[in-house]
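Asks: below: sequence and its predicted model.
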Amino acid sequence: MHNIPHRILVAGSGLVGALLAVMLGQRGYQVALYEKRPDLRKTRISAGRSINLALAERGVDALKRAGIFSQVQTLLTPMRGRMLHAINGELEFSPYGQWDNEVIYSVSRGDLNCLMMTAAEQHPNVKIYFEQLCEAVDWEKNQVSIVDLRDNTRRSVDFSLLIGCDGASSAVRQAIIKATSGTSTYDLLDHGYKEITLPAGPGNVHQIEREALHIWPRGGFMLIALPNSDGSFTVTLFLPRKGSPSFAELQTVHAVQEFFLEQFPDACAMIPDLSQQFFANPMGELGTMRCYPWSYGGRSLILGDAAHAIVPFHGQGMNAGFEDCALLLKLLDENDEDWPATMELFQQRRKQDADAIANMALENYITMRESVAQETFQLKKLLGFELERRFPDRFVPRYSMVMFRRYPYAEVFNRGNIQNEILDRLLSGENDINHVDFSLAEELVMTRLSPLE
C-alpha cells in the first residue's frame with residue numbers, strides 16, 4: 001500500500017460528505033468533517049436547496065455498498081411513474097419503466113442527511129464539527145483556514161488529504177482551480193424555483209396519487225409534486241425569472257392566485273395557504289457547474305456538487321454524488337490504496353460522465369415541462385419499450401439507463417442519441433407502433449447498437 005493519509009479532512013457533511021465519511025470510516029481512516037451549518041439533528045433549519053430528492057439505482061447501490069440502505073429504506077416513498085395534470089383536470093399516468101423494479105423513491109433531504117451523519121459518527125474514527133466554515137486552503141502548509149461561525153474566530157487545521165464535498169460554491173474547488181490555473185464555469189439557468197407544501201388530507205392521507213411524481217407540464221414552465229411520508233407533497237414551481245410568465249410578475253397575492261388558478265387549478269384548490277407560502281419561501285436558482293481539474297497535488301479532490309453541480313430535472317444530483325463515492329472507493333481498492341493515483345484516475349474517468357449527465361439534465365427539463373404531454377413523446381416511449389422487450393441486451397431506453405441501470409453516463413448519452421435516431425426512423429410518418437417495420441428495427445438495432453455489458 002502507498003501514500004496512505006493519516007488524517008482526511010472533508011469539507012461539508014451534506015449528503016455526499018456524510019456518505020463518504022461512512023465509507024472511509026469503515027476502512028479505519030481518521031476522518032474530520034467540517035460543516036458550516038448547525039447540526040440538523042438538533043436545530044430546525046433548512047437542509048439545503050430543496051426539501052425532497054429522488055433516489056434511484058445509482059444512489060441505492062452506493063448506499064448498499066456503505067451498508068446503510070436498510071436504514072434508509074424506512075424514509076422512502078416509491079414513485080412508479082409520472083402523473084400528468086392537464087389544465088382541465090384530466091390525469092394521465094405514465095410509468096417510468098416497464099418492469100416492476102423500475103421505480104424511483106422520494107426522500108426527505110433533511111431526514112436522509114441526519115441518518116447518514118449518525119451512521120458516520122458511529123465510527124469512532126469519524127468526527128463532525130458543526131458551524132465551521134472551510135474558507136481557504138494553504139497548499140504549502142497543508143492547512144485549511146476554518147471560520148468558527150459561532151464567534152467568527154479563525155484557525156488553521158492540518159490535513160494530509162483534503163476532500164471537498166462543500167457544494168456548488170466550494171472553497172476547495174476554488175483553491176484547486178487557482179493552484180492549477182484550471183477552468184471553472186457556472187451557467188445559471190434563466191429559470192428559478194419555489195417550493196410549497198401541499199398538505200395531507202383528513203387522517204394524513206395523500207390528497208393525490210401517492211406513488212407518483214406529479215407534473216403539471218405547461219410548455220415554458222411546470223409544477224411538480226413529490227410525496228412525503230406524512231401524507232403531504234412537496235410542490236415545486238419551475239418558472240422563468242424574468243419575462244412573461246415569470247417570477248418577476250408574481251409580486252402580489254392577487255397575481256399569484258390568478259396565475260395558479262389559471263395554470264394549476266386542481267393544485268390550487270388543495271393548498272389553502274398558497275399565497276402565504278409563496279411569499280414566505282425564497283426563490284432558488286438553478287445552474288450547472290463545469291470545472292477541471294478536480295484534484296491537486298495528490299492530496300486534494302472534489303466530489304458531488306463541488307465538482308459537477310447540475311440542474312435537478314433528471315433527479316441525478318444526489319445519485320451522481322453517491323456514485324462518485326462508490327467509484328472512488330472502488331478505484332482505491334484497485335490501486336492498493338494509492339490515493340494520488342486513485343484521484344487522478346477518478347477525475348479522468350468521471351469528468352466525461354459528469355458532463356454527460358449535466359447535458360441530459362438540461363434536456364430533461366424540456367421533456368418534463370413540454371414533451372411528456374405530446375403524442376409523439378408517448379409514441380416513442382411505447383416503441384422504446386417494445387424494442388427493449390425484443391432486444392433487451394442492446395436496446396434500453398435512455399431514461400431507464402440513467403435511472404435504473406449503472407452504465408456510465410457518457411455511454412448512456414451516446415447510446416441514447418443513437419436510439420433516438422432509430423426511433424425517429426422507425427416512426428417516420430407513422431402514428432401507431434403496430435405499423436412499425438420490425439424487420440428494419442432489428443437491422444438497425446443489431447448494426448448500430450453494440451451489446452450491453
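Replies: Done, it's in.

Asks: so A136, which of the three states?
Replies: strand (DSSP: H, G, I helix; E, B strand; the rest coil).

Asks: can you tell me the closest non-neighbouring residue to it?
Replies: S145 (4.4 Å; CB to CB, 6 or more residues apart in numbering). Using the backbone N, CA and C atoms, a C-beta is placed for each residue, glycine as well.

Asks: distance of that neighbour relative to F130?
Replies: When distance is defined by CB to CB, to the nearest Å, S145 is 17 Å away from F130.

Asks: try T118
Replies: 13 Å.

Asks: with neighbour numbers in mind, choose between these two.
Replies: F130 (19 against 15; other CB atoms under 10 Å).

Asks: these two touch, right, G17 and A11?
Replies: Yes - judged on CB atoms under 8 Å, G17 makes contact with A11 at a distance of 7.4 Å.

Asks: which one is the one residue sitting closest to the centre of the chain nearest to, not counting chain neighbours?
Replies: Nearest to the mean C-alpha position of the chain, counting by CA atoms, centre = their mean, stands G317 at 2.0 Å. Among residues not flanking G317 along the chain, I310 sits closest, at 5.6 Å (CB to CB, 6+ apart).

Asks: for the one you found, helix, strand, or coil?
Replies: coil.

Asks: mind listing the strands for the stretch 1-150 of the chain?
Replies: 8-11, 31-35, 52-55, 77-79, 81-85, 91-95, 104-108, 126-130, 132-138, 143-148 (DSSP state E, counting those that start in this stretch).

Asks: redo these as JSON lines? Include mean pLDDT and distance to W294.
Replies: Compiled in JSON lines, those are given as follows (pLDDT from 0 to 100; distance: least, CB to CB, whole Å):
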{"stretch": "strand 8-11", "mean pLDDT": "98", "distance to W294": "14"}
{"stretch": "strand 31-35", "mean pLDDT": "98", "distance to W294": "19"}
{"stretch": "strand 52-55", "mean pLDDT": "95", "distance to W294": "23"}
{"stretch": "strand 77-79", "mean pLDDT": "97", "distance to W294": "32"}
{"stretch": "strand 81-85", "mean pLDDT": "97", "distance to W294": "34"}
{"stretch": "strand 91-95", "mean pLDDT": "95", "distance to W294": "36"}
{"stretch": "strand 104-108", "mean pLDDT": "97", "distance to W294": "27"}
{"stretch": "strand 126-130", "mean pLDDT": "98", "distance to W294": "23"}
{"stretch": "strand 132-138", "mean pLDDT": "98", "distance to W294": "14"}
{"stretch": "strand 143-148", "mean pLDDT": "98", "distance to W294": "17"}
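
Asks: ok, longest strand in this protein?
Replies: If you go by DSSP state E, the chain has its longest strand at strand 183-198.

Asks: follow-up on the earlier one: pretty sure the residue nearest to A136 is touching E135, no?
Replies: Yes - with contact defined as CB under 8 Å, S145 reaches E135; the gap is 4.7 Å.

Asks: now do the shared contacts for these two.
Replies: The contact sets of S145 and E135 overlap at R154 (CB atoms under 8 Å, 6 or more residues apart in numbering).

Asks: quick one: residues contacting the nearest residue to S246 once chain neighbours are set aside.
Replies: Spatial nearest neighbour of S246, excluding adjacent residues (CB to CB, 6+ apart): P240 at 4.4 Å. By CB under 8 Å, 6+ apart, the residues touching P240 are D190, H191, G192, G220, F221, S246, F247.
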